[in-house]
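Colleague: need a 3D model of the sequence below.
(chains A and B)
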Amino acid sequence: MQTEHIEDRSQGERASSSKEGREVKMAAIKLYGMMLSPNVTRVVTVLNELGLDFDSVDVDLRTGAHKHPDFLKLNPFGQIPALQDGDEVVFESRAINRYIATKYGSSGPNLLPTPSAKMEAWLEVESPHFFPLAQTVVYELLIKPLFGATPDTAEADKKAAELDKLLDVYEAHLAAGNKYLAGDVFTLADGNHMSWLFLLTKSPKAELVASRPHVKAWWEEISARPAWAKTVASIPLPPAV
Amino acid sequence: MAPVKVFGPAASTNVARVLVCLEEVGAEYELVDIDFPGKGHKRPEHLARNPFGQVPAFQDGDLILFESRAIAKYVLRKYKSEQVDLLRESNLEEAAMVDIWTEVEIHQYHPALSPIVLECFIYPTLRGLPTNQRIVDESLVKAKKVLEIYEAHLSKHKYLAGDFVSFADLNHFACTFYLMDATPYASLFNSYPHVKAWWEDLMSRPSMKKLGAGMTTRVHLC
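Modeller: Coordinates of the predicted model:
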């Protein structure tokens, strides 16, 4: 079913534009993935910050669509997201974000102000440090229960304890006169954190954020951005969350 | 101009990541010992450089940096020239390819290969622990899946980001070097001829030959 979805997409678009009887401008950007995936919404966050139009192409992990040959052509690692911009195909959400922030930097806020050593350092911190810990906690304690699977609470607690120590460093950094991670302005460093940070605040470990005044204030500030409201609206979280 | 400073032991894979970039651009640098075995990286002097208490940290005049990839990019941007452009930032498509395979190293390659290095080399050498063969075997399964994808990719491109060597390739140096030099699994690459050829080509570069020499022995000093 999902393979048809991927293959037939172009036919569907052409049909709708001729049915309309006028030229329908199709977005140059196609984002492949599912909106439940925070790695996909990491990219949606930045697309919305930049005010870019894009088409979502559903690649539902639950049906194995990500392992279909058509999708593997886009991302040989068979993971979501992948992004197509005209003829250009990019995968790995952070590479995608850097690509669109660079290419479309004049469409919206400048998410990659250069030179910024602080931004580069905290951008890097997200990937190997914050993300793996937040992912385990969120996956075990929020996502698994949503799909009726049994959480590994021991593993979640272990990673939550490590995340606790990590967030101490964030707290100190944000308390030292940094409104955002890179200083005075919102950058890609903040943006790349948002999708998993959001789910962390919806998980049983939300107090990791709520108990830290500067981390809490930072989250409240960045999640109040209008573009974020648009991103959250596109995440199909069940009402229970 | 004063040489830049790198803080941390050369044997650390993340320190080596920065060193290989410094060597590639031919920059003058000083490697500063911070008494890593004595937990120097957790003392206030180093925490002022890297609040996460990790290595490497870096200093260029008044500028202090941490996170090995942020440092490496700073170096590659500062010393970029006509002959040496390892980030390709003036070409959007090439830069995107460099970024993709830099991310792939973090999220696919390193997680599959590094447990093998840790179990077969680092833990026995530094902590006197026995190898956990179950972890090694599980990692070998993952590593083979990743290497299959690299094999397909490198059969179409000479290097990871295209026909030019880049930061993406350099990021693979330390972890792969230890796998080859310090574990029984060097032959893993034999089933992936294009990956093997790519690795041998990288190792013929003066930067990697220089840093590789004695790298494995230096771990014993950590």
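Colleague: quick one: contacts of stretch A:69-85?
Modeller: By C-beta atoms under 8 Å, 6 or more residues apart in numbering or on different chains, the residues outside stretch A:69-85 that reach it are A:3, A:6-7, A:28-34, A:37, A:39-40, A:42-43, A:59, A:61, A:65-67, A:89-91, A:93, A:96, A:99-100, A:103, B:104, B:108, B:149, B:152-153. Every residue, glycine included, has its C-beta placed from N, CA and C.
Colleague: residue B:59 - that's part of a helix, no?
Modeller: No - read with DSSP: H, G, I helix; E, B strand; the rest coil, residue B:59 is strand and lies in no helix.
Colleague: near chain A, which residues of chain B?
Modeller: Remark: the part of chain B in contact with chain A comprises B:51-52, B:63, B:65-70, B:73-74, B:77, B:92-93, B:95-96, B:99-100, B:102-104, B:106-108, B:149, B:152-153, using C-beta under 8 Å from any C-beta of the partner chain.
Colleague: show me the residues you listed that map onto helices.
Modeller: Counting by DSSP state H, the part of these found in helices is B:68-70, B:73-74, B:77, B:92-93, B:95-96, B:99-100, B:102-104, B:149, B:152-153.
Colleague: show residues contacting the worst-scoring helix or strand of chain B on mean pLDDT.
Modeller: Of all helical and strand segments in chain B, the minimum by mean pLDDT, DSSP states H and E falls on helix B:215-219, at a mean of 79. The contact list for helix B:215-219 (C-beta under 8 Å, 6+ apart) reads B:9-11, B:16, B:121-122, B:125-126, B:174, B:177-178, B:181-182.
Colleague: got the buried residues for it?
Modeller: Of the residues in helix B:215-219, B:215-216, B:219 count as buried by neighbour count, 16 or more other C-beta atoms under 10 Å in any protein chain shown.
Colleague: could those go into TSV alongside distance to residue B:144?
Modeller: Below are the buried residues of helix B:215-219 laid out as TSV (distance: C-beta to C-beta, whole Å):
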residue	distance to residue B:144
B:215	25
B:216	24
B:219	26
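Colleague: who's in contact with residue B:13?
Modeller: By C-beta under 8 Å, 6+ apart, the residues touching residue B:13 are B:114, B:174-175, B:178.
Colleague: that older thread, just the buried members of the residues of chain B next to chain A?
Modeller: Among those, those buried by neighbour count (16+ other C-beta under 10 Å) are B:51-52, B:65-70, B:73-74, B:77, B:93, B:95-96, B:99-100, B:102-104, B:106-108, B:149, B:153.
Colleague: where does pLDDT dip in chain A?
Modeller: A:1-26, A:240-241 (pLDDT under 70).
Colleague: tell me where it has strands.
Modeller: Counting by DSSP state E, chain A has strands at residues A:29-33, A:55-58, A:82-85, A:88-91.
Colleague: tabulate these (CSV), appending mean neighbour count.
Modeller: Shown next, in CSV, are those (neighbours: other C-beta atoms under 10 Å in any protein chain shown):
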stretch, mean neighbour count
strand A:29-33, 23
strand A:55-58, 17
strand A:82-85, 24
strand A:88-91, 19
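Colleague: would CSV of these with distance to residue A:131 be doable?
Modeller: Putting the strands of chain A into CSV (distance: least, C-beta to C-beta, whole Å) gives the following:
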stretch, distance to residue A:131
strand A:29-33, 16
strand A:55-58, 23
strand A:82-85, 18
strand A:88-91, 16
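Colleague: and residue A:73, how many neighbours does it have?
Modeller: 10 (other C-beta atoms under 10 Å in any protein chain shown).
Colleague: what separates it from chain B, distance-wise?
Modeller: Using C-beta to the nearest C-beta, to the nearest Å, we find residue A:73 at a distance of 11 Å from chain B.
Colleague: likewise residue A:28?
Modeller: Relative to chain B, residue A:28 is positioned 14 Å away (C-beta to the nearest C-beta).
Colleague: one more: residue A:224?
Modeller: Separation of residue A:224 from chain B (C-beta to the nearest C-beta): 27 Å.
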